[in-house]
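Novice: Provided below for reference: sequence and predicted model.
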Amino acid sequence: MSTLVKKIVLKKNSASYPGYRRGSAFLASFAMSLLFLSGCTVGPDFVRPESPKVTQYNHGGDPKETAAGDGLSQHFGDGVGPAANWWHLFNSRQLDAAVSVGLTDNPGLQAAEASLRQSQENLRAGSGIFYPQLSATFGQTRERNSPVTIGSSSPTSIFNLTTLSLSVSYALDIFGGQRRTVEGLAAQVDQQRALTLGTYMMLTGNIVNTSIAIAAYHAQIDETGQLIVLEKDQISVAEKQYQAGITPYASILTLRLQLKALEATLPPLRQKLSQAEHLLATLEGKTPAEFQPPAVQLTDISLPRQLPLSLPSELVRQRPDILAAEAQLHAASTGIGVATAALFPSVTLNGNYGQTSKTTSNLFNSASNVWGLGANITAPIFKGGTLRAQRRAAIDAYQQSFASYKQTVLAAFSQIADIVRALEHDAELVQTDAQALKDAKLAMDLLKANYQAGTANYLQVMVTDIQYHQAKIGYLQAEAQQLQDTTALFVALGGGWSNDLTAKEKVYLHNK
């Protein structure tokens, strides 16, 4: 720093002023003493919280695989993180296309990326404090002086004054307050990066979940429509039997009530479908009016067989909300250092060199030279307890952030434990509903064969057909829930972003 000041400010005057060498030697000695002290940085050095000691998410251990729902079981990879672009594992081109559009056009993700760039620029701006602050000034004024103000009886005079000056200042960060401030800005960049990753993670998960919901609603509406047709046919047969005196009228009323109850399920399903389509439009950055809903079918979406299950110690390094909480904790830690440094003196070195003349032609004469060197020391003496109270408040803020961090970790572990158990139960439900569907299909086929052989009536065939479609609706609901819980697991484990970065970015994020 002192070498730079000499080169910019003082080198031109070194031959003109004999006292310069003594003054500069004193200043250099003083500056070297302060620079020696500047190695002290008050406040705690941030240490990343330790990872939880547990090795599993559920009491009694995590499962290795689920039940074979509909003949397909899902296997959990012990210590395996989610793959980058995990949605490709569903083998659906419609899903891939929807996610691609959302990542390009979603305004929420664009806003998060802009906030990240803003925080990075704030860090660059804050880092400027470590460099000398250099400024130049040029001014021309016309003045009228009054010698009476200095006790002189000389007549007043009017003159022009031209000034050209260069000044430099440098704040010696002796106690590290500025370093802690910039460290806090860097922590804010880390926090915003984690929030941006979280936005990316949630966006992909929401698009996949919404697309699955749209496909499931379409399938349920189709099955319900077929079921309504069958129920109407059943009522028609019952009415003919009533007219023939075979069936009581009460049976017809019961069937009509069943039909109305079934028809009443369609409007809510259509409403949920509309809401899901509107949500997907929003996720893809479009208004519902200009959005073309995807023609995705539930049968076109494959259930991933291999599932990730990161180690708990790795989860805290890859889940964005935990990383954001950690960055917030880091920023709170730097706040203690900033508040502590404010209790100690601050030192600023400054120097200026310039030319001042009444005429422009004499501006660069040696007689017009002006310069100055100095150091300002500001020390707090009495602030009414403000500074110490601010330091205690910074410590409390750190403790609050640490508690919030622990709560975030606990919530993340609980969420994954819930999802793992949900996938187990989903598989059991799919297995049960798949068997019920097979049984209903077999019963329907047998009744149809009996009807063709003349040993069963048409009403019995319709009853088994209705039972089959009811079983099909239950199976579709269970299948969609299993797909959505699988999506939730990928998202809860961090969304695979850590497997989608260059090696350099990984080193920066994990070893900052």
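Specialist: That came through, no problem.
Novice: other residues contacting stretch 420-429?
Specialist: Residues outside stretch 420-429 that contact it (CB atoms under 8 Å, 6 or more residues apart in numbering) are 57-58, 62-63, 66-69, 73-74, 76, 307, 309, 478, 481-482, 485-486, 488-489. C-beta coordinates here come from the backbone N, C-alpha and C atoms, glycine included.
Novice: let's see it at 7 Å
Specialist: 57-58, 62-63, 66-67, 69, 73-74, 478, 481-482, 485-486, 489 (CB atoms under 7 Å, 6 or more residues apart in numbering).
Novice: scan this protein for its longest strand.
Specialist: Determined from DSSP state E, the single longest strand within the chain is strand 157-172.
Novice: show me what that strand is packed up against.
Specialist: Identification of packing neighbours for strand 157-172 by 3 or more CB pairs under 7 Å, 6 or more residues apart in numbering; DSSP states H and E yields strand 133-145, strand 346-357.
Novice: got the angle for it vs strand 346-357?
Specialist: Strand 157-172 runs at 150 degrees relative to strand 346-357, counting by axes from the mean of the first three to the mean of the last three CA atoms, to 10 degrees.
Novice: can you give me the strands in the protein?
Specialist: With DSSP E as the criterion, the chain has strands spanning 75-78, 133-145, 157-172, 306-309, 346-357, 369-378.
Novice: walk me through which strands the longest one pairs with, and which way each runs.
Specialist: Think strand 157-172. strand 133-145 (antiparallel), strand 346-357 (antiparallel) (DSSP bridges).
Novice: same list (those) but as a markdown table, adding mean pLDDT, mean neighbour count and distance to residue 380.
Specialist: Output for the strands paired with strand 157-172, formatted as a markdown table (pLDDT from 0 to 100; neighbours: other CB atoms under 10 Å; distance: least, CB to CB, whole Å):
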| stretch | mean pLDDT | mean neighbour count | distance to residue 380 |
| --- | --- | --- | --- |
| strand 133-145 | 85 | 10 | 23 |
| strand 346-357 | 87 | 19 | 9 |
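Novice: circling back: average pLDDT for the longest strand of the chain?
Specialist: On average, the pLDDT along strand 157-172 is 85.
Novice: one more: stretch 230-244?
Specialist: 87.
Novice: with stretch 95-106 instead?
Specialist: Here the average pLDDT along stretch 95-106 is 94.
Novice: repeat for stretch 451-466
Specialist: 81.
Novice: what about this protein, any weak spots by pLDDT?
Specialist: 1-39, 148, 500-512 (pLDDT under 70).
Novice: tell me which residue lies farthest from the centre of it.
Specialist: residue 153 (73.8 Å; CA atoms, centre = their mean).
Novice: about what we covered before: figure out which of the helices and strands packed on strand 157-172 is closest to residue 179.
Specialist: Proximity to residue 179, assessed across the helices and strands packed on strand 157-172 by CB to CB, is greatest for strand 346-357 (13.1 Å).
Novice: one step back: for the strands of the chain, which one sits closest to residue 392?
Specialist: That would be strand 346-357 among the strands of the chain, by CB to CB, at 20.9 Å.
Novice: how about the strands paired with strand 157-172 in a markdown table, adding distance to residue 108?
Specialist: Output for those, formatted as a markdown table (distance: least, CB to CB, whole Å):
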| stretch | distance to residue 108 |
| --- | --- |
| strand 133-145 | 39 |
| strand 346-357 | 42 |
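Novice: for residue 337, find the nearest of those strands.
Specialist: Using CB to CB, the strands paired with strand 157-172 put strand 346-357 closest to residue 337, at 14.2 Å.
Novice: and the closest one with strand 369-378, angle?
Specialist: 160 degrees.
Novice: export strand 346-357 as CSV, just CAs?
Specialist: Taking C-alpha atoms only, strand 346-357 is exported to CSV below (Å, rounded to 0.1, in the frame of the first residue of the first chain):
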residue,chain,number,x,y,z
SER,A,346,-10.0,2.7,13.2
VAL,A,347,-7.1,4.1,11.2
THR,A,348,-7.1,5.8,7.7
LEU,A,349,-4.0,6.9,5.8
ASN,A,350,-4.5,9.7,3.3
GLY,A,351,-2.4,11.8,1.0
ASN,A,352,-3.0,14.4,-1.7
TYR,A,353,-1.1,16.2,-4.3
GLY,A,354,-2.2,19.0,-6.5
GLN,A,355,-1.7,22.3,-8.3
THR,A,356,-3.5,25.6,-7.4
SER,A,357,-3.0,28.8,-9.3
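Novice: number of residues surrounding the closest residue to residue 256 other than its chain neighbours?
Specialist: Leaving aside its sequence neighbours, residue 256 sits nearest to residue 235 (CB to CB, 6 or more residues apart in numbering; 6.2 Å). Counted by other CB atoms under 10 Å, the residues lying close to residue 235 total 19.
Novice: got a list of what the residue nearest in space to the middle of the chain touches?
Specialist: Closest to where the C-alpha atoms of the chain average out (CA atoms, centre = their mean) is residue 195, at 2.2 Å. Residues in contact with residue 195 (CB under 7 Å, 6+ apart) are 112, 324.
Novice: gap between it and residue 325?
Specialist: Using CB to CB, to the nearest Å, residue 195 is found at 11 Å from residue 325.
Novice: with residue 109 instead?
Specialist: As judged by CB to CB, residue 109 and residue 325 stand 21 Å apart.
Novice: sorry, back to before: nearest to residue 375, out of the helices and strands packed on strand 157-172?
Specialist: The nearest among those, by CB to CB, is strand 346-357 at 5.2 Å.
Novice: next one: that closest one to chain centre, how far?
Specialist: Centroid separation between strand 346-357 and its chain, computed with CA atoms, centre = their mean, to the nearest Å, is 46 Å.
Novice: what do you get for stretch 335-355?
Specialist: That offset, for stretch 335-355, works out to 36 Å (CA atoms, centre = their mean).
Novice: same question, stretch 398-417
Specialist: Here the centre of stretch 398-417 is set off from its chain's centre by 16 Å, with CA atoms, centre = their mean.
Novice: outside of it, which residues touch it?
Specialist: Outside stretch 398-417, the residues that reach it (CB under 7 Å, 6+ apart) are 49, 52, 57-58, 312, 315-316, 319, 321-322, 325-326, 328-329, 332-333, 335-336, 492-493.
Novice: just the buried ones among those residues, please.
Specialist: 57, 312, 315-316, 319, 321-322, 325-326, 328-329, 332-333, 335-336, 492-493 (16 or more other CB atoms under 10 Å).
Novice: from these, which ones fall inside helices?
Specialist: Using DSSP state H, the members of the buried ones among the contacts of stretch 398-417 that fall in helices are 312, 315, 321-322, 325-326, 328-329, 332-333, 335-336, 492.
Novice: ok, those vs residue 343, which is closest?
Specialist: Nearest to residue 343 among those, with distances taken as CB to CB, is residue 336, at 11.5 Å.
Novice: no more questions from me, cheers.
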